[in-house]
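Colleague: Can you look at this prediction? I've put the sequence above it.
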Amino acid sequence: GLGSGSGPRLGQSASAAARQPLPTLDGEDGDAHRFWSARRIPAGILALVILGAAGLLLYDVVAVRADHPAMRWRRSLARELAERPLDSTAVLTGAAVAAALGLWLFVLAVTPGLRRLLPMRAPHADVRAGLDRGAAAMVLRDRAMDVAGVRSVRVRMSRSKVAVRAVAHFRDLDDVREDLDATLADTIRDLGLGRPPALAVRVARPGRKG
């Protein structure tokens, strides 16, 4: 796996190194909070559903107060609630759907979202900056391609780890890996992330053709 220390094999030599999260600059503790998503689509859908249901119920109540019969759906719903047993399949299914919907809304309310946006160190308390995770991975890939001997690079970046797979077509693999470690460590520092991720590098030879 990435970051494992498996020994070299014929035709597919590899070396790997794992690094702990890099220290931040200027004594920062790296306590950068994630950005919260506005959740506009779920909030809009929920607001429309509640507004529609409340408007329909209010219209029916006003109609009843004006000596008109209640709507058929409300009479049917009242009858079903009064007569249907609580352990029926319909009641249990409706309760499960309502519970799942409520849990989904709760998760949306207490989680930040915006996982692709990495918080950066803030030079001032009233300033916040973020870096797109894809853009950060692209910068790391470009810097890795500048290392002598590197033929191709794949970078997978999460909020806590950068996994790099490189293919080297000349130079000793350990030398290439050490240069990649140094180059990518410096690049991660230069990105100015509030919580610098751990770095795991794996270098291998190109696979045999045919």
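Modeller: Happy to help now that I have it. Bear in mind the structure is a predicted one, so any value in this text is a computation, not a measurement.

Colleague: CA atoms only: put stretch 154-171 into CSV for me.
Modeller: The C-alpha trace of stretch 154-171 is given here as CSV (Å, rounded to 0.1, in the frame of the first residue of the first chain):
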residue,chain,number,x,y,z
ARG,A,154,0.1,10.6,-9.6
VAL,A,155,-0.9,12.7,-6.6
ARG,A,156,-3.9,11.8,-4.4
MET,A,157,-4.6,14.5,-1.8
SER,A,158,-7.0,14.4,1.2
ARG,A,159,-7.3,16.8,4.1
SER,A,160,-4.9,14.7,6.2
LYS,A,161,-2.6,13.0,3.7
VAL,A,162,-0.8,13.4,0.4
ALA,A,163,-0.1,10.1,-1.4
VAL,A,164,2.4,10.3,-4.3
ARG,A,165,3.2,7.6,-6.7
ALA,A,166,6.1,8.3,-9.0
VAL,A,167,7.7,6.4,-11.9
ALA,A,168,11.4,6.9,-12.4
HIS,A,169,13.1,5.8,-15.6
PHE,A,170,16.7,6.6,-14.5
ARG,A,171,18.7,7.4,-11.3
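
Colleague: tell me which element I45 falls in.
Modeller: Assessed by DSSP states H and E, I45 sits inside helix 40-65.

Colleague: tell me which strands and helices that helix is in contact with?
Modeller: Using 3 or more C-beta pairs under 8 Å, 6 or more residues apart in numbering; DSSP states H and E, the elements in contact with helix 40-65 are helix 89-110. For the C-beta atoms, the positions are set from N, CA and C on the backbone; glycine is no exception.

Colleague: Output the helix it packs on as PDB - backbone C-alpha positions only.
Modeller: What follows is helix 89-110 as a C-alpha-only set of coordinates in PDB (Å, rounded to 0.1, in the frame of the first residue of the first chain):
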ATOM      1  CA  THR A  89     -46.100  -1.800   7.500                       C
ATOM      2  CA  ALA A  90     -47.200   1.600   6.200                       C
ATOM      3  CA  VAL A  91     -46.700   3.300   9.600                       C
ATOM      4  CA  LEU A  92     -43.300   1.700  10.100                       C
ATOM      5  CA  THR A  93     -42.200   2.600   6.600                       C
ATOM      6  CA  GLY A  94     -43.300   6.200   7.000                       C
ATOM      7  CA  ALA A  95     -41.600   6.400  10.400                       C
ATOM      8  CA  ALA A  96     -38.400   5.000   8.900                       C
ATOM      9  CA  VAL A  97     -38.400   7.500   6.000                       C
ATOM     10  CA  ALA A  98     -39.100  10.400   8.400                       C
ATOM     11  CA  ALA A  99     -36.300   9.300  10.700                       C
ATOM     12  CA  ALA A 100     -33.800   8.900   7.800                       C
ATOM     13  CA  LEU A 101     -34.800  12.300   6.500                       C
ATOM     14  CA  GLY A 102     -34.300  13.900   9.900                       C
ATOM     15  CA  LEU A 103     -30.900  12.200  10.400                       C
ATOM     16  CA  TRP A 104     -29.800  13.400   6.900                       C
ATOM     17  CA  LEU A 105     -30.800  17.000   7.800                       C
ATOM     18  CA  PHE A 106     -29.100  16.700  11.200                       C
ATOM     19  CA  VAL A 107     -25.900  15.600   9.500                       C
ATOM     20  CA  LEU A 108     -26.000  18.400   7.100                       C
ATOM     21  CA  ALA A 109     -26.600  20.900   9.900                       C
ATOM     22  CA  VAL A 110     -23.600  19.700  12.100                       C
END
